[in-house]
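Novice: Based on what follows, work out the 3D shape:
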Amino acid sequence: MMVSWVKTDSSRRKVLGVFAREPLPGRVKTRLSPPLSAIEAAEFYRLSLQETVDRMSLAGFDPVIFFAGGKDYFRQAFPALLLVEQREGDLGARLDQALAEGFAAGAEALVLIGSDSPDIPVRLVEEAFESLSEAEAVVAPAVDGGYVLIGERRHCPALFREVPWGGARVMEVTRNIARREKVRLAELAEWDDVDDWPSLVRFLRRSPGLASARYVGGLKSVMAREE
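Specialist: You can find the predicted model right below:
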């Protein structure tokens, strides 16, 4: 069923979506365990998600949460935001469905980010929407070979098929598909996901003042490993 949730005013027809999972131990940030325990990793994820949504909201966006897991958690955590449930399938299928639903609901431009980069620059997201005034799709590559952001103003399902999700070739394959499908793809500056120990260390050094960084940086397991 199509979900009609895009408002008719021009500002809301440009939609920022945040992909999120319920922060359950053993289900999120598993590549950070060890050194984090499953409970610590889940709390780090919860703080990262909250921080991502708060920062984007303060910047003037009205994020839509594309959620996986129990809806009650997201209702309590984000009572003022629209919640849209992710569909079944791999990451590509879920991104495809989210974008398709957004355009069916009236979006003119839709940008998706995750909660793996709590310090993703607001300006990077703004540039994504600006790029979509000319490009048909936009990505911000990730340090690990994936991407931290993808957006479209014309949906191209092929961009999410035949992609080796979770590997180092996601961005490379996405570029090749865009060329094959003649999609005008804009690329923004690279940013860093926080999903393993090296990227966590980079995050702690880059953004020590964030609540998520203060939490994980103060854990004994992390402090011992950094020494």
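Novice: And the contacts of the longest strand seen in the chain?
Specialist: If you go by DSSP state E, the chain has its longest strand at strand 14-21. With Cβ atoms under 8 Å, 6 or more residues apart in numbering as the test, strand 14-21 has contacts from 6, 27-28, 45, 49, 52-53, 56, 61-69, 74, 84, 86, 94-95, 98, 102, 107-115, 125, 129. Where you see a C-beta, it was placed from the backbone N, CA and C, and this is true even at glycine.
Novice: May I see the buried residues of it?
Specialist: 14, 15, 16, 17, 18, 19, 20, 21 (16 or more other Cβ atoms under 10 Å).
Novice: so which of these comes closest to residue 168?
Specialist: residue 19 (20.1 Å; Cβ to Cβ).
Novice: What's the mean pLDDT across stretch 20-39?
Specialist: In this model, stretch 20-39 carries a mean pLDDT of 96.
Novice: can you tell me the distance between the two ends of that stretch?
Specialist: Stretch 20-39 has an end-to-end distance of 17 Å (Cα to Cα, to the nearest Å).
Novice: if I pick the residue nearest to the spatial centre of the chain, what's in contact with it?
Specialist: Centroid-nearest residue in the chain, with Cα atoms, centre = their mean: residue 114, separated by 1.3 Å. Residue 114 makes contact with 18, 19, 20, 52, 148, 193, according to Cβ under 8 Å, 6+ apart.
Novice: cutoff 6 Å now
Specialist: residue 19 (Cβ atoms under 6 Å, 6 or more residues apart in numbering).
Novice: which of the contacts of strand 14-21 are buried?
Specialist: Buried, going by 16+ other Cβ under 10 Å: 6, 28, 45, 49, 52-53, 56, 61, 63-67, 69, 74, 84, 86, 94-95, 98, 102, 107, 109-115, 125, 129, out of the contacts of strand 14-21.
Novice: so of those, which ones are in strands?
Specialist: Using DSSP E, these in strands are 64, 65, 66, 67, 84, 109, 110, 111, 112, 113.
Novice: thinking again about what came up before, just the angle for the longest strand of the chain relative to strand 109-113, thanks.
Specialist: 30 degrees (axes from the mean of the first three to the mean of the last three Cα atoms, to 10 degrees).
Novice: Name the strands paired with strand 14-21 and say parallel or antiparallel.
Specialist: strand 64-68 (parallel), strand 109-113 (parallel) (DSSP bridges).
Novice: if we look at the first one, which residues are touching it?
Specialist: Residues from elsewhere that reach strand 64-68, judged by Cβ under 6 Å, 6+ apart: 15, 17-21, 74, 78, 81-84, 86, 98.
Novice: thinking residue 217 is in contact with residue 204, fair?
Specialist: Yes. Between residue 217 and residue 204 there is a contact at 5.1 Å, judged by Cβ atoms under 6 Å.
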